[in-house]
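>>> need a structure here:
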Amino acid sequence: MPIYKQSQPLPLKEGAIDNSQVKIATFNLFNYLEPPNAFYDFERIYSIEQWTKKQHWVNDYLSEFKPDIIGFQEVFSSESLRQLVKEQGYHYFRVVDQPQIKDDFIYSHPVVAIASRFPIVETNTVSVDADLAVSMGLSKDFSFSRNVLRATIDIPHLGCTDCYVVHFKSKRSAIDADTKNKMSIESQYTEHLKSQIAGRWASSIQRGSEAALMLTSMITRREEKGFPMVLMGDFNTCLSDGVLSHLLTRDLYELKKHNSHLFNDYYCLKDSWELYSTFNELNTDSSTSFNINNNEYRVATHYYGGKGSVLDYILLSCEFDACYQGSIFALSSYDVYDRHLINPIFERDGESTDHAVVLTTLELRR
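Numbering: from 1, shown residues only. Predicted structure coming up:
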């Protein structure tokens, strides 16, 4: 598909900021909890020195890269985060949930949050369509493992844009093995094996169902409001994984007779890495003012046992696709901040995070 360029900048919306570049980041903070509170069990408490170090690390990233909109995951201390980002110029900050607290100081079930330099005009949780959940074979009271946050942000030149922050169910087994002391070693092993097989699949079912129900909610919202869409967060598995691949669904076989191709671009999401790669390819041999990176392969955002995976994503609607004739922004840069993962320095990175930070830069089409 050819790239379409406009000869003149798009006119500003009334009251909008004259800003031709917008940066969006997704940032897993990894157990962001102010002491003397504990995360998950009573022994896991940051010292004042550790907490100060973690705060400085987050602050340093924001100071250096200056994203305009940030989706956060693993937030326990939302008020501490609110104050930190406010000092960096993020005057708009929202959460839609609170972590669970046991014995007044042991925290579990962290939440997601969003910070923005641009006005947040509305914030909600994404609700589950109970009838649709039942039709999928789920219980009528199915819920997200972590509430999904939707913030409608007034982005310069673009206007109201629905930004969704997610932290999908992890791959960790949802079932604990039921073993007894009198069991043989082999029986204990087989019980653990069965619980892991069934439990990990249960987690996959939860994660895939969360993605499907969230996407259908986004489509409903898009139909009602027509706002551009941004989906960002920790997906806890690769996007190509079968249980999440429908987030990029483009072939609606049953609807082909209804000219579904006319709606695919409007209602479907695209991976920001793919948009960046396409834009980079189209502009490799042409002069452009965009900042084009030279990465030819996708960098992992998380490592486990020495193996890297891409777990953190930013998906975008057609308004950010340079190949879409009606697009307003083009994705000119895709950056993965991972030096704390591949070349950590304890004094600097000792209390950072176990995920890379993904940052996309959007340039106004001209």
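>>> pull the number of nearby residues for the residue nearest to residue 229 when sequence neighbours are not counted.
Nearest non-adjacent residue to residue 229, counting by Cβ to Cβ, 6 or more residues apart in numbering: residue 317, 4.1 Å away. (Glycine included, C-beta is placed from N, CA and C.) By other Cβ atoms under 10 Å, 23 other residues sit near residue 317.
>>> residues contacting residue 317?
Residue 317 makes contact with 222, 228-230, 266, 269-270, according to Cβ atoms under 8 Å, 6 or more residues apart in numbering.
>>> got a ChimeraX select line for the buried ones in these?
Buried members of the contacts of residue 317 can be picked out in ChimeraX with the line below, counting by 16 or more other Cβ atoms under 10 Å:
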select :222,228,229,230,269,270
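>>> all strands of the stretch 1-150 of the chain, in order?
Using DSSP state E, counting those that start in this stretch, the strands of the stretch 1-150 of the chain run over residues 21-32, 38-39, 69-75, 92-95, 100-102, 106-108, 111-116, 120-125, 149-155.
>>> of all these, which one is nearest residue 321?
With Cβ to Cβ as the measure, strand 21-32 is the member of the strands of the stretch 1-150 of the chain nearest residue 321 (14.5 Å).
>>> quick one: mean pLDDT over that closest one.
Mean per-residue pLDDT for strand 21-32: 97.
>>> please point out which parts of that strand sit buried.
For strand 21-32, using 16+ other Cβ under 10 Å, the buried residues are 22-29, 31-32.
>>> which strands and helices sit next to that strand?
Helices and strands touching strand 21-32, by 3 or more Cβ pairs under 8 Å, 6 or more residues apart in numbering; DSSP states H and E, are helix 48-65, strand 69-75, helix 78-87, strand 159-167, strand 229-234, strand 312-316, strand 357-364.
>>> could you dump these to TSV with distance to residue 109?
Listed next are the helices and strands packed on strand 21-32 as TSV, based on distance: least, Cβ to Cβ, whole Å:
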stretch	distance to residue 109
helix 48-65	20
strand 69-75	10
helix 78-87	13
strand 159-167	10
strand 229-234	14
strand 312-316	20
strand 357-364	23
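>>> in CSV: these, plus mean pLDDT and distance to residue 114.
Output for the helices and strands packed on strand 21-32, formatted as CSV (pLDDT from 0 to 100; distance: least, Cβ to Cβ, whole Å):
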stretch, mean pLDDT, distance to residue 114
helix 48-65, 97, 14
strand 69-75, 98, 5
helix 78-87, 98, 10
strand 159-167, 97, 5
strand 229-234, 98, 9
strand 312-316, 98, 13
strand 357-364, 96, 15
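>>> residue 107: which of those is closest?
Here strand 69-75 is closest among these (Cβ to Cβ), at 10.4 Å.
>>> among the helices and strands packed on strand 21-32, which comes closest to residue 119?
Of the helices and strands packed on strand 21-32, the one closest to residue 119 (Cβ to Cβ) turns out to be strand 159-167, at 9.7 Å.
>>> what helices or strands is the very next helix or strand once past the closest one leaning on?
Counting by DSSP states H and E, the next helix or strand C-terminal to strand 159-167 is helix 185-225. Under the contact criterion of 3+ Cβ pairs under 8 Å, 6+ apart, helix 185-225 touches helix 130-135, strand 159-167, strand 229-234, helix 261-267.
>>> pick the most buried one from the ones you listed.
strand 229-234 (a mean of 26; mean count of other Cβ atoms under 10 Å).
>>> report the inter-axis angle for that one versus helix 185-225.
Compare the direction of strand 229-234 with that of helix 185-225 by axes from the mean of the first three to the mean of the last three Cα atoms, to 10 degrees and you get 160 degrees.
>>> in its sheet, what does strand 229-234 sit against?
strand 159-167 (parallel), strand 312-316 (antiparallel) (DSSP bridges).
>>> coming back round to it: relative to residue 271, how far out is the residue nearest to residue 229?
As judged by Cβ to Cβ, to the nearest Å, residue 317 and residue 271 stand 12 Å apart.
>>> how about residue 352?
Residue 352 sits 25 Å away from residue 271, going by Cβ to Cβ.
>>> and residue 27, by the same measure?
18 Å.
>>> what do you get for residue 154?
Taking Cβ to Cβ, one finds residue 154 at 25 Å from residue 271.
>>> re the thing from before, just the contacts of residue 317 now: which is nearest residue 113?
For the contacts of residue 317, the nearest to residue 113 is residue 230 (15.0 Å; Cβ to Cβ).
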